[in-house]
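*Asks:* With the sequence up front, the predicted model follows.
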Amino acid sequence: MARAQRLFFCYRCGGQLKKVIRGTAERLQCTQCGTVSYENPIVGVAGIMLSDKGEILLVRRAPGIDYAGLWCIPCGYVEYDEDVRDAVVREVKEETGFDIVPGEVFAVHSNFHNPRQHTVGIWFLATLTGGSPQAGDDADELGWFSLDDIPPLAFPTDELVLDKLRKNENGKQVLK
């Protein structure tokens with residue numbers, strides 16, 4: 001299945017892009033300067049915080065953004081000059097008001113649910129170290145939920161992460 005072209009002009013000179021075959025793949029190449037524009041996924045991060053009761057912290061997406069009113073694990077995009085661990089600390093603080101220390105990487109998934117933007121998500125286990133609960137940025141509410149009683153989710157990949165958490169919780173491999 002051919003994907004829709006999203007870029008039309010060169011980021012270097014503004015020239016028009018045309019599809020060409022380079023190696024085994026179709027690429028967009030500038031008709032003026034020859035620069036190839038690669039369409040790479042954006043990296044996102046998410047912080048998994050679990051309470052002593054085994055509940056997970058979720059945020060509800062605010063009005064005016066994609067998937068408004070649906071819930072997700074606190075998440076966001078990595079800035080160009082930012083380390084992924086610094087990004088998850090920042091994103092969790094912006095969306096929840098909590099300070100965290102990121103732990104091990106729990107899951108990595110490609111996200112194809114939004115045809116306008118392919119992302120790769122990295123979910124970190126995280127330990128709360130301070131702060132006060134305050135929904136902000138892309139979130140308008142936060143809450144702790146049993147892994148068996150999750151509200152409607154914004155992202156299919158969060159469901160994959162929750163399934164893995166449920167399996168690990170039953171084996172007590174993740175929750176310490």
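*Replies:* Here it is on my side, so go on. Numbering: from 1, shown residues only.

*Asks:* Every contact and neighbour count from this point should use C-alpha atoms.
*Replies:* Noted.

*Asks:* which residues touch the residue lying closest to Gln16 once chain neighbours are set aside?
*Replies:* Nearest residue to Gln16, sequence neighbours excluded (Cα to Cα, 6 or more residues apart in numbering): Phe9, at 4.6 Å. Neighbour list for Phe9: Gly15, Gln16, Leu17, Cys30 [criterion: Cα atoms under 8 Å, 6 or more residues apart in numbering].

*Asks:* try it again with 6 Å
*Replies:* Neighbouring residues of Phe9 by Cα atoms under 6 Å, 6 or more residues apart in numbering: Gly15, Gln16, Leu17.

*Asks:* Could you dump these into JSON lines with distance to Phe98 and neighbour count added?
*Replies:* JSON lines is the format used below for these (distance: Cα to Cα, whole Å; neighbours: other Cα atoms under 10 Å):
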{"residue": "Gly15", "distance to Phe98": "45", "neighbour count": "17"}
{"residue": "Gln16", "distance to Phe98": "45", "neighbour count": "16"}
{"residue": "Leu17", "distance to Phe98": "44", "neighbour count": "22"}
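
*Asks:* will you turn those into TSV that also has pLDDT, distance to Ala107 and secondary structure?
*Replies:* Output for the contacts of Phe9, formatted as TSV (pLDDT from 0 to 100; distance: Cα to Cα, whole Å; DSSP: H, G, I helix; E, B strand; the rest coil):
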residue	pLDDT	distance to Ala107	secondary structure
Gly15	96	39	coil
Gln16	96	39	strand
Leu17	96	36	strand
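
*Asks:* re the thing from before, could you check how far the residue nearest to Gln16 is from Leu28?
*Replies:* Distance, Phe9 to Leu28, using Cα to Cα, to the nearest Å: 9 Å.

*Asks:* Please apply the same query to Thr129.
*Replies:* From Thr129 to Leu28 the distance is 46 Å (Cα to Cα).

*Asks:* Give the residue from those two that has the larger number of neighbours.
*Replies:* Leu28 (23 against 9; other Cα atoms under 10 Å).

*Asks:* Quick check: bridge partners of the more buried one?
*Replies:* With DSSP bridges as the criterion, Leu28 is bridged to Lys19, Ser37.

*Asks:* quick one: it and Lys18 touch, right?
*Replies:* Yes - between Leu28 and Lys18 there is a contact at 5.3 Å, judged by Cα atoms under 6 Å.

*Asks:* coming back round to it: where do the contact lists of Phe9 and Leu28 overlap?
*Replies:* Listed contacts common to Phe9 and Leu28 are Leu17; contacts here mean Cα under 6 Å, 6+ apart.
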